[in-house]
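Undergrad: Provided below are the primary sequence and the corresponding predicted coordinates.
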Amino acid sequence: MNRKRTLMALSIAVVVGLAASFFVYRQMEQVVVAKPIEMKRVVVAGVSLPLGTRLQPAHLSTIPWPESEPIPGMFTSTESVVNRALITDVVENEPILEAKLAPEEGGAGLSVTIPEGMRALSVAVNEVVAVAGFVIPGTMVDVLVTGSVGGRGNNEQTITRAILENIRVLAAGQKIERDKDGEPQTVPVITLLVTPEQANILTLASTEGRIQLSLRNTIDTKAASPPLVLRSSLFSVPPPPRPAPGPRPVAKKAEEPPPRPSAFVVEVLRGVERKSETFTSP
């Protein structure tokens, strides 16, 4: 009896095993063999490069890239980008794209960093005007001017006002790339990126008045439009404050005469005789 049960259990196990093997075999038949990913070479920066760099073979390298995932504007040969200038900073192994390059006839250096329709204008600065040397390429500034308006003598009025806001610094001295460590740069000239109209305003302001640069956060693009400041309002002496009014004096009431007595006593002398007589008030 036990032998019979053992044979039956063994038979069931064999059947179950065969069924499982058949199921696994059918599933494996349905597995689609993955196709190999086709790759191609794309041009990247071999080292970190600042904007304005004219690309040379030593600056470039190539890396494999999936052919099914192309990047708009990418290049597949280094010869296609040699002698083109960068209009933005790139880091090592960053793809070189058409949007990051100046036109083939655009040259190199500062001129390629100027967008179409804009101008680069330099202004003389010192350590104070340039915010202790922290006005460096890539930072954003406001331009303030101080000058005189009105007639001569007592009619002349000195004012300070912000004439330009959110202006990008292109170069500090002859450097168009910022210091890697953000160190200040003491230079005699700062070059700003402005529109033609702003170039006229800035030129007049630097000629007729004294300009000052105000450093701002690069992500703060809101226009503040602060009101101008007059010298008379800054240095005028305010009038002395008026004394607080005190309590009004209370008028004194007229004093009433003392009440008259209802009777009074009079001493009367008659010879040697002294006598007191009482009289009533009328």
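TA: Received, thanks.

Undergrad: ok, which stretches of the stretch 51-200 of the chain are strands?
TA: 60-66, 119-124, 140-149, 157-172, 189-194 (DSSP state E, counting those that start in this stretch).

Undergrad: what residue ranges in the stretch 1-150 of the chain score low on pLDDT?
TA: Within the stretch 1-150 of the chain, the ranges that satisfy pLDDT under 70 run 1-35, 105-108.

Undergrad: right, so of the strands of the stretch 51-200 of the chain, which gets closest to Leu215?
TA: Nearest to Leu215 among those is strand 140-149; the distance by C-beta to C-beta comes to 5.7 Å. (C-beta placed from N, C-alpha, C; glycine too.)

Undergrad: Within its sheet, name the partner strands of that closest one and how each one runs.
TA: strand 157-172 (antiparallel), strand 210-216 (antiparallel) (DSSP bridges).

Undergrad: ok, and for it, which residues are buried?
TA: The neighbour-count check on strand 140-149 (16 or more other C-beta atoms under 10 Å) flags 140-145, 147 as buried.

Undergrad: just stretch 101-119 next, same as before
TA: Buried-residue list, stretch 101-119, by 16+ other C-beta under 10 Å: 101-102, 108-110, 112-114, 118-119.

Undergrad: Off-centre distance for it?
TA: Mean-position distance between stretch 101-119 and its chain equals 26 Å (C-alpha atoms, centre = their mean, to the nearest Å).

Undergrad: before we move on, back to that, check the buried residues of strand 140-149 and tell me the two furthest apart.
TA: Met140 and Gly147 (23.7 Å).

Undergrad: My guess is Thr191 contacts Leu170. True?
TA: Yes: between Thr191 and Leu170 there is a contact under C-beta atoms under 8 Å: 4.6 Å.

Undergrad: so of the strands of the stretch 51-200 of the chain, which one's packed in deepest?
TA: Highest mean neighbour count among those (mean count of other C-beta atoms under 10 Å): strand 189-194, with a mean of 20.

Undergrad: For stretch 125-132, give the distance from the opening residue to the closing one.
TA: With C-alpha to C-alpha, to the nearest Å as the measure, the first residue of stretch 125-132 is 10 Å from its last.

Undergrad: quick one, which of the strands paired with strand 140-149 is nearest to Ala130?
TA: Taking those one by one with C-beta to C-beta, strand 210-216 is closest: 6.0 Å.

Undergrad: Could you identify the helix or strand that succeeds that closest one?
TA: strand 229-230 (DSSP states H and E).

Undergrad: now what about that next one, what contacts it?
TA: The contact list for strand 229-230 (C-beta atoms under 8 Å, 6 or more residues apart in numbering) reads 157-161.

Undergrad: can you redo the residues you listed as JSON lines with distance to Ile136?
TA: JSON lines is the format used below for these (distance: C-beta to C-beta, whole Å):
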{"residue": "Gln157", "distance to Ile136": "35"}
{"residue": "Thr158", "distance to Ile136": "31"}
{"residue": "Ile159", "distance to Ile136": "29"}
{"residue": "Thr160", "distance to Ile136": "24"}
{"residue": "Arg161", "distance to Ile136": "25"}
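
Undergrad: Quick check: the two most widely separated of those?
TA: Pairwise distances among these were taken by C-beta to C-beta; the largest, 12.1 Å, belongs to Gln157 and Arg161.

Undergrad: got CSV for the buried residues of strand 140-149, with distance to Ala124 too?
TA: Listed next are the buried residues of strand 140-149 as CSV, based on distance: C-beta to C-beta, whole Å:
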residue, distance to Ala124
Met140, 20
Val141, 15
Asp142, 18
Val143, 13
Leu144, 15
Val145, 13
Gly147, 16
